[in-house]
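> could you look at this predicted model? Sequence included:
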Amino acid sequence: MMGAANIQRLVTSGTFELDGGSWDVDNNIWIVGDDKDVVVFDAAHTAEPIIEAVAGRNVVAVVCTHGHNDHVTVAPELGKALDAPVLLHAADDVLWRMTHPDDEFRAVDDGLVLHAGEVELRALHTPGHSPGSVCWYAPDLGAVFSGDTLFSGGPGATGRSYSDFPTILESISGRLGTLPGPTVVYTGHGDTTTIGDEIVNYDDWVKRGS
C-alpha cells in the first residue's frame with residue numbers, strides 16, 4: 001500500500017556565482033511524493049546527500065526551479081544516478097550553459113503537470129528572478145515550491161544579470177498571489193512562509209522599487 005504524501009527538506013551548502021561574484025549560500029532541496037515515487041526540487045551543490053535522502057525511491061524528475069548555478073550544480077549527475085529527467089524552463093538555457101555547457105535538460109512549459117504518487121505538481125512560469133523561473137504548485141498539499149521567486153520577507157533578488165524587478169512583481173501578483181492565502185511557500189533558501197503572509201506586503205514592495 002502506498003504511503004502518505006510528504007515533503008522532505010534537505011539543506012546543502014556551497015556557492016552562488018554570477019556576474020563575477022561568489023557568495024556562500026545554504027540551499028533548500030525539497031523531495032516531494034510518497035514512499036515509492038518522488039520529485040526532487042533543485043540539485044544544489046552535492047549529489048550524495050540527495051541520493052541518500054531519496055533512499056531508493058523512483059525519482060519522477062529532478063526539477064530545477066531556475067538556472068542559477070546553486071540550483072543546478074549537480075543536476076546532470078543526479079539525473080544519471082537516479083535515472084530521472086532533468087527539467088528546466090528553456091528561458092534559463094543561458095544560465096544553465098554557464099554551469100553545464102555540454103549537458104541537456106528537458107524543457108518545462110507553463111502548465112506542465114507532474115505526478116509523484118498521488119501528488120500533483122503544476123508548473124507556474126514566474127519570470128523575474130531569472131527569465132525561466134518556475135514555481136510548482138501542489139494543490140492537494142496546499143503547497144508551492146517557489147525556488148527564489150518568493151521568500152519569507154518578499155521577492156527574490158533581481159540585482160544581477162537576467163533579472164528584473166517589475167517582472168518578478170508581476171509574477172508574484174499574477175501567479176502566486178492568486179493561490180489560496182494559507183498555501184505554504186517552500187522556498188529555495190531559508191524559512192517557509194505562506195502566500196497570505198507575503199502578499200499583504202505587496203504595495204510596500206512596489207514602493208521599494210519605484
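Ah, there it is. Numbers count the residues shown, from 1 in each chain.

> contacts for the helix or strand of the chain with the lowest mean pLDDT next, please.
Lowest on mean pLDDT, DSSP states H and E among the helices and strands of the chain sits helix 202-209, with a mean of 91. Outside helix 202-209, the residues within contact range by CB atoms under 8 Å, 6 or more residues apart in numbering are 154-155, 165-166, 169, 172-173, 177. (C-beta placed from N, C-alpha, C; glycine too.)

> just the buried residues of it, please?
Trp205 (16 or more other CB atoms under 10 Å).

> got the angle between the biggest helix by length in the chain and helix 202-209?
Longest helix in the chain by number of residues (criterion: DSSP state H): helix 165-174. Helix 165-174 runs at 180 degrees relative to helix 202-209, counting by axes from the mean of the first three to the mean of the last three CA atoms, to 10 degrees.

> note down every partner strand of the next helix or strand after helix 165-174 and its orientation.
Counting by DSSP states H and E, the next helix or strand C-terminal to helix 165-174 is strand 184-187. Strand 184-187 pairs in its sheet with strand 143-147 (parallel), strand 193-194 (antiparallel), by DSSP bridges.

> got a list of what His89 touches?
Contacts of His89 by CB under 8 Å, 6+ apart are 66, 107-109, 125, 131-134.

> 7 Å instead?
Listed by CB atoms under 7 Å, 6 or more residues apart in numbering, the contact partners of His89 are 107-108, 125, 132, 134.

> coming back round to it: and the strands paired with strand 184-187, which is most packed in?
Highest mean neighbour count among those (mean count of other CB atoms under 10 Å): strand 143-147, with a mean of 27.
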